[in-house]
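Trainee: Give me a model of this one.
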Amino acid sequence: MTQALIEKLNAICDALPFATRWSFRNVRTGESAGREGAVGTPSASTRKIAYLMAALRDVRHGRIDLKEPVVVTEDLMKGAVSGVFYNMTPGLTFPFRDALVQMIITSDNTCTTRVGERVTVPRLNEFCRSVGMNGTVIKHVVPPRDMPVDSDFDFVAQTTADDQVHLLGLILDAKAGDAKALATLGITQPLAELAIDILGWQTLRMKIPGLLPSGTKVANKTGTGRNGAMDAGIVYRNGEPLYILAAYTHDVPQVMPDGLPGFAASIQTIARLSRACWDLT
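Mentor: Take a look at the predicted model:
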């Protein structure tokens with residue numbers, strides 16, 4: 001880990017009027033660094049990486065079948081809108097495997113609800129504890145559908161940047177066939193490969209991938225909170241994993257001093273952090 005990289009990342013954060021927490025791991029060397037990486041922060045949809053892996057653990061143990069049907073009902077098409085199925089016709093039916101895909105690549109909350117119902121909140125929390133994500137707590141699968149539109153939905157789940165980097169590292173190790181990682185996650189190597197594939201199909205590419213060279217492979221899960229933007233992912237170079245980064249912005253103002261939207265600045269901040277990692281790793 002070069003001191004130049006740490007200084008660059010912190011300089012990006014220090015120049016902004018909002019909090020930014022990040023955790024970084026160089027996959028090639030194993031070196032890591034962070035800025036408040038162990039501090040709890042609203043997870044937004046980055047929590048869905050844990051949902052994916054908990055569901056795949058249940059697949060491994062026969063509690064869930066990837067081919068079992070999932071039905072999108074009208075009651076799911078309400079609440080905090082995220083994804084694409086809010087605009088579909090009620091009764092749409094597809095395999096559970098596709099619900100996992102849409103939960104990740106479009107952050108669809110109708111699919112996330114169905115996944116969470118099958119795994120359950122207690123089992124999601126048990127999964128997090130079992131894999132060492134001790135700073136992650138799931139309170140609701142998705143924001144409650146009957147809450148007021150001006151409510152703060154960041155209470156749904158809390159995580160840490162360190163936890164997300166830790167989980168993504170386990171998935172990478174499991175994909176490579178590491179016996180300890182496979183046992184910790186409770187999955188098989190093909191299921192780990194499926195997890196990386198799904199994360200790699202991410203369609204929301206403005207954050208960690210946002211300033212990287214066109215076509216760069218990134219396996220990530222984004223998040224959008226009421227007060228900031230989030231992303232956690234694995235970045236590849238020449239077909240090999242290069243680094244893992246998790247970044248969380250918080251207390252982002254509605255309007256920046258230059259008059260531009262704060263949320264846009266928070267997205268750009270994550271992209272700039274990732275580009276610095278790309279340039280200096």
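Trainee: The most centrally placed residue in the chain - nearest residue in space that isn't next to it in sequence?
Mentor: Geometric centre of the chain, nearest residue: residue 46, 2.7 Å, by C-alpha atoms, centre = their mean. Leaving aside its sequence neighbours, residue 46 sits nearest to residue 223 (C-beta to C-beta, 6 or more residues apart in numbering; 4.3 Å). Just so you know, the C-beta spots here come from the backbone N, C-alpha and C atoms, and that holds for glycine as well.
Trainee: what are the phi and psi angles of the one you found?
Mentor: Note on residue 223: backbone dihedrals following degrees, to the nearest 10 are phi -150, psi 150.
Trainee: Identify the bridge partners of it.
Mentor: On the basis of DSSP bridges, residue 223 is bridged to residue 230.
Trainee: next one: residue 240
Mentor: residue 237.
Trainee: Report pLDDT for it.
Mentor: You'll see residue 240 listed with a pLDDT of 98.
Trainee: Provide the count of other residues in contact range of it.
Mentor: A total of 9 residues lie near residue 240 under the criterion other C-beta atoms under 10 Å.
Trainee: From residue 173, how far out is it?
Mentor: Between residue 240 and residue 173 the computed distance is 14 Å (C-beta to C-beta, to the nearest Å).
Trainee: what's the answer for residue 111, then?
Mentor: Counting by C-beta to C-beta - residue 111 and residue 173 are separated by 27 Å.
Trainee: Going by how many neighbours each has, rank these two and give me the top one.
Mentor: When neighbours are counted by other C-beta under 10 Å, residue 111 and residue 173 differ, and residue 111 comes out ahead with 28 against 18.
Trainee: list the contacts for the residue nearest to residue 46?
Mentor: By C-beta atoms under 8 Å, 6 or more residues apart in numbering, the contact set of residue 223 is 43-47, 107, 229-231, 248.
Trainee: Can you show me the helices along the protein?
Mentor: 3-14, 48-60, 96-105, 109-119, 121-131, 161-175, 179-185, 189-200, 262-280 (DSSP state H).
Trainee: Which one of these lies nearest to residue 216?
Mentor: For the helices of the chain, the distance to residue 216 is smallest for helix 262-280, at 7.9 Å, taking C-beta to C-beta.
Trainee: which other helices and strands contact the closest one?
Mentor: helix 3-14, strand 19-26, strand 228-237, strand 240-250 (3 or more C-beta pairs under 8 Å, 6 or more residues apart in numbering; DSSP states H and E).
Trainee: same thing but at 6 Å, please
Mentor: helix 3-14, strand 228-237, strand 240-250 (3 or more C-beta pairs under 6 Å, 6 or more residues apart in numbering; DSSP states H and E).
Trainee: can you put the ones you listed in JSON lines and add distance to residue 213?
Mentor: Converted to JSON lines, these look like this (distance: least, C-beta to C-beta, whole Å):
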{"stretch": "helix 3-14", "distance to residue 213": "18"}
{"stretch": "strand 228-237", "distance to residue 213": "9"}
{"stretch": "strand 240-250", "distance to residue 213": "12"}
